[in-house]
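Chemist: what's the 3D shape of this:
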Amino acid sequence: MLRRRTAQGAFAIALLTLGPALAACALDDDPAPPTPTADGRETSASTSVDPVVRPIPDAAMTSPDEVGAAAAAEYFVQLYDYSFASGNLEPWNGLASETCDFCRDIAADVAEIGQSGNRTLNEPTSIVTSRVWMIEPAKWFGADLIVREAPSTQVDATGATVATDDGGEFRLALALSWADGWKVDEVDVLDPDETPKW
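Modeler: Prediction:
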């Protein structure tokens, strides 16, 4: 279900400019299971929020730093599931920047499913690994996630299956910004072994 999208715009230019510095943050081709760093910026975690229940933003999202960026990235993944399961786009649109093409595409997909009277059933998407870094203090951040999307089923109002999706494992490269709150500016969806073109 996840759409492939290449990061674009001013934020992507900033990422490209900082490419050599960010190269050290890239995941290895065959990485060992990650362990938390001293400052807690690298994690191996799994979201466990029921996708039908509206996610609650973590308190860490009040901080314009790497910890807050990591919490915002996890919240973004939770809202992806919640939006398809509930049809409620209010929290998704609240986190999405106007520059995020991926976010608009997902919103359009959710709206189309809702208008047809259908809904999507699936287990929560899990975060396998997560890394974040600061590009400009208290303003721009990057996040590199490996996520595992569970198989999903789209059903109509009677409960009959109208579509299925196998899910799979994907790499999400997120560009996030802070301005009195978090916004997701760009999303690049890749295969897990692909390296973001930063």
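Chemist: Could I get the full set of helices for this structure?
Modeler: For the chain, applying DSSP state H gives helices covering 9-17, 19-23, 66-86, 90-95, 101-115.
Chemist: and the last one, what does it pack onto?
Modeler: If you count contacts as 3 or more CB pairs under 8 Å, 6 or more residues apart in numbering; DSSP states H and E, helix 101-115 packs onto helix 66-86, helix 90-95, strand 182-190. C-beta here means a position set from N, CA and C on the backbone, and glycine is covered the same way.
Chemist: what does the shortest one rub up against?
Modeler: Looking back up the chat, that one is helix 90-95. Applying CB atoms under 8 Å, 6 or more residues apart in numbering, the external contacts of helix 90-95 come out as 54-55, 72, 75-76, 79-80, 82-83, 103, 106-107, 110, 182-184.
Chemist: List just the nearest of the residues you listed to residue 147.
Modeler: residue 80 (8.8 Å; CB to CB).
Chemist: Give the closest residue to the closest one in space, chain neighbours not counted.
Modeler: residue 125 (6.4 Å; CB to CB, 6 or more residues apart in numbering).
Chemist: Need phi/psi at the one you found.
Modeler: Main-chain dihedrals, residue 125, degrees, to the nearest 10: phi -70, psi 130.
Chemist: thinking it is in contact with residue 152, fair?
Modeler: No: applying CB atoms under 8 Å, one finds residue 125 not in contact with residue 152, separated by 9.7 Å.
Chemist: okay, these two: which has more neighbours?
Modeler: residue 125 (24 against 20; other CB atoms under 10 Å).
Chemist: got a list of what the more buried one touches?
Modeler: 47, 77, 80-81, 147-150.
Chemist: Please tell me how far residue 65 sits from residue 133.
Modeler: Distance of residue 65 to residue 133, computed by CB to CB, to the nearest Å: 11 Å.
Chemist: Actually, residue 96.
Modeler: 21 Å.
Chemist: And those two? Which one has more around it.
Modeler: Legend: neighbour count by other CB under 10 Å for residue 96 and residue 133, higher for residue 96 (22 against 18).
Chemist: confidence score at residue 122?
Modeler: As predicted, residue 122 sits at a pLDDT of 90.
Chemist: Check what pLDDT the nearest residue to it once chain neighbours are set aside gets.
Modeler: What sits nearest to residue 122 in space, not counting adjacent residues and going by CB to CB, 6+ apart, is residue 152, at 3.5 Å. Note for residue 152: predicted pLDDT of 95.
Chemist: How about residue 21?
Modeler: Reported pLDDT for residue 21: 37.
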